[in-house]
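**Q** how does the following fold in three dimensions:
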Amino acid sequence: MKTIQQIKKEQEDKLSKIFDDLGIFFAFSQDQLNEKKQEGMTYVDGGYGMIIPRQNVEEFKKRFNEYSEEGEKEYSKNIPLDDYIKYELYNHECFYTGNYREALNSVQCSYPHCTIEDVKRVFYLELPNTDN
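**A** Numbering: from 1, shown residues only. Below is the predicted model of the structure:
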């Protein structure tokens, strides 16, 4: 069985390879864009600073979907739902904010069948174990 951290590291490495293979980079200013862009290449804005060569957009979508599906399978195969919910509750600092709903979207990326009731149940089971 893999840990959440092992799966995250594997996924980060795979995503970095996709970016490298397709010439995708991040730029948050015009200077950064000018520094990294290649002459004669047309780029599109992928959001959040991501710059994608226009001819690689469809390939990126395809490979990113495959990458996402693979990650979902790795989590669900290796990590019990309640453990992953607990991880995301801590990751989103839900025990400090008291808002367990913030973790739901992240959990549903890997466990689409997860409901708010699942998250709420784990939140209240774990709450007494926190140092509030």
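**Q** does anything pack onto the longest helix anywhere in the chain? Which helices or strands?
**A** Assignment by DSSP state H gives helix 57-78 as the longest helix of the chain. Contacting helix 57-78 under the criterion 3 or more Cβ pairs under 8 Å, 6 or more residues apart in numbering; DSSP states H and E are the following elements: helix 4-22, helix 104-110. Every residue, glycine included, has its C-beta placed from N, CA and C.
**Q** one more pass at 6 Å, please.
**A** Helix 57-78 sits against helix 4-22, with contacts defined as 3 or more Cβ pairs under 6 Å, 6 or more residues apart in numbering; DSSP states H and E.
**Q** buried set for the helix it packs on?
**A** 4, 7, 11, 15, 18-19, 22 (16 or more other Cβ atoms under 10 Å).
**Q** how about stretch 42-50?
**A** So for stretch 42-50, counting by 16+ other Cβ under 10 Å, buried means 43, 46.
**Q** can you give me the mean pLDDT across that stretch?
**A** In this model, stretch 42-50 carries a mean pLDDT of 96.
**Q** what's in contact with it?
**A** Residues external to stretch 42-50 that are found in contact with it (Cβ atoms under 6 Å, 6 or more residues apart in numbering): 26, 28, 51-54, 57.
**Q** for stretch 116-127, same thing?
**A** Contact with stretch 116-127 is made by 82, 85-86, 89, 100, 103-104, as judged by Cβ under 6 Å, 6+ apart.
**Q** for stretch 94-108, same thing?
**A** 85, 88-89, 92, 114, 116, 119-120, 123, 130.
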